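Undergrad: Have a look; sequence and predicted model below, questions after that.
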Amino acid sequence: MRSRLLIGFLLAALAVAAVPAPREDEDESGFFDFSYTPGAPWRELPTEIPARVDEKALVELPVDRRGSPFDYLIDASALTRRADNVVRYLVVVRSPTGARNILYEGLRCDSGEYKTYAFGDSAGRLRPVRMPRWRPVTAGDAFRYRHELLTVWLCDGPLALAPREAVRRIRHGAEEASPVEGLTP
């Protein structure tokens with residue numbers, strides 16, 4: 001009986017020791033970390049904040065609202081992608097009563113982070129945030145639109161889409177943006 005218990009214990013210890021440790025380029029779950037690139041570390045380029053919202057360039061963002069009463073609009077004229085792979089956009093969050101929140105933000109497709117650069121006032125003018133910082137995009141908060149911008153509208157995996165392609169996706173919907181016919185993200 002003791003020898004069987006000892007052999008079982010030894011086999012269990014060997015099985016645990018045989019599991020390889022995650023590589024440097026993998027996270028603890030074993031998935032490859034695509035944000036790592038050899039060479040110089042990532043650097044954010046300077047950001048120019050638009051002066052105001054272009055009301056004529058607003059395009060409705062089809063967002064899964066899940067009970068949220070808000071409408072989301074993107075200013076197509078303010079959508080940019082630069083060499084730092086940050087897609088910058090101006091979003092208007094509109095309530096059923098007409099109240100609006102205006103945000104100028106950046107999205108890092110490779111790391112799943114966003115940064116708010118400026119807030120808009122009631123006249124649509126933008127004022128810079130004092131100390132903007134990168135934060136993780138989450139799917140379960142009132143600002144769910146960021147998650148959909150990341151996963152459906154502005155990114156193709158770790159790469160930011162060209163502004164023209166992103167606006168086309170937003171205007172024509174997820175069905176056209178999806179690589180598989182009939183599949184919606």
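TA: Everything's here; your move. Numbering: from 1, shown residues only.

Undergrad: OK, contacts around residue 129?
TA: 116-119 (C-beta atoms under 8 Å, 6 or more residues apart in numbering). Where you see a C-beta, it was placed from the backbone N, CA and C, and this is true even at glycine.

Undergrad: Next step: the residues you listed restricted to strands.
TA: 116-119 (DSSP state E).

Undergrad: Take these and lay them out in CSV including neighbour count and distance to residue 98.
TA: Output for these, formatted as CSV (neighbours: other C-beta atoms under 10 Å; distance: C-beta to C-beta, whole Å):
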residue, neighbour count, distance to residue 98
116, 17, 22
117, 18, 25
118, 18, 21
119, 14, 18
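
Undergrad: Check those residues and tell me the two furthest apart.
TA: With C-beta to C-beta as the measure, no two of these lie farther apart than 117 and 119, at 9.0 Å.

Undergrad: Find residues that contact each of these two.
TA: With C-beta under 8 Å, 6+ apart as the test, residue 117 and residue 119 both reach 104, 129.

Undergrad: in stretch 110-129, what's buried?
TA: 110-118, 120, 124, 126, 129 (16 or more other C-beta atoms under 10 Å).

Undergrad: How about stretch 132-150?
TA: Using 16+ other C-beta under 10 Å as the test for burial, stretch 132-150 gives 132, 137, 143-150.

Undergrad: Include secondary structure when you put those residues into CSV, please.
TA: Shown next, in CSV, are the buried residues of stretch 132-150 (DSSP: H, G, I helix; E, B strand; the rest coil):
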residue, secondary structure
132, coil
137, coil
143, coil
144, coil
145, helix
146, helix
147, helix
148, helix
149, helix
150, helix
